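1. all I have is the shape, not the residue letters:
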Ligand SMILES: [Cu+2]
């Protein structure tokens with residue numbers, strides 16, 4: 001019979017010196033890639049610590065559409081038929097008990113988690129060439145870690161025109 005200390009050593013080895021298949025290789029970035037009326041992408045990259053992302057915007061809109069153009073994280077993925085109406089409402093997992101009274105970009109906690117243009121800015125109609133948005137912004141509220149309440153995987157980004165029509169949408173998939 002083996003002494004207890006040797007058995008303990010083997011148990012310790014099995015539990016704490018876990019081989020790679022015990023670790024989970026989680027995606028660290030999600031991207032919504034647009035093709036159609038709206039072109040470009042919105043990419044979310046983990047900034048570490050389990051919450052918070054850096055958002056890279058590259059969006060292009062045809063110049064026959066009227067802005068300013070707002071953009072949000074919507075709750076559902078783009079359905080198989082591509083209809084942006086199927087993406088549901090704005091993603092807002094930490095919705096307060098009383099209704100939100102507006103989004104002040106200097107106080108990001110006043111904004112819906114999914115109100116991306118509220119936290120950055122709706123991008124304007126361009127005077128020369130096509131309207132576009134190229135920007136990078138840190139957002140402490142959004143997560144790319146599965147299981148987090150603010151996890152955005154499988155949801156979608158929707159771009160709207162001045163009339164709030166949904167002119168483009170794309171599902172968020174792991175990079
Ligand atoms: Cu929207």
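-> Perfect, thanks for sending it. Only a predicted model underlies this, so the values are computations on that prediction, with no experimental measurement involved.
2. the residue of the chain found nearest the ion: which element?
-> Nearest residue of the chain to the ion: residue 72, at 3.4 Å (C-beta to the ion). Glycine gets a C-beta too; all of them are placed from N, C-alpha and C. Take DSSP states H and E as the rule and residue 72 turns out to sit in strand 70-74.
3. output the contacting helices and strands for that strand.
-> For strand 70-74, the packing partners by 3 or more C-beta pairs under 8 Å, 6 or more residues apart in numbering; DSSP states H and E come out as helix 116-119, strand 156-160.
4. isn't residue 32 right next to residue 156, touching?
-> Yes: using C-beta atoms under 8 Å, residue 32 is in contact with residue 156, at 6.6 Å.
5. who's in contact with the most centrally placed residue in the chain?
-> For the chain, the residue sitting closest to the mean C-alpha position, by C-alpha atoms, centre = their mean, is residue 152 at 4.6 Å. The contact partners of residue 152, taken as C-beta atoms under 8 Å, 6 or more residues apart in numbering, are 30, 44, 73, 91, 142-144, 172.
6. how about 10 Å then?
-> 30, 32, 44, 53, 73, 91, 93, 113-114, 142-145, 172 (C-beta atoms under 10 Å, 6 or more residues apart in numbering).
7. ok, which residues in the protein are in contact with the ion?
-> 72, 158 (C-beta under 5 Å from the ion).
8. what's the mean pLDDT across the strand holding residue 72?
-> Across strand 70-74, the average pLDDT comes to 98.
9. and stretch 157-165, how far out from the chain's middle?
-> In terms of C-alpha atoms, centre = their mean, to the nearest Å, the centre of stretch 157-165 is found 17 Å from the chain centre.
10. buried set for that stretch?
-> 157-161 (16 or more other C-beta atoms under 10 Å).
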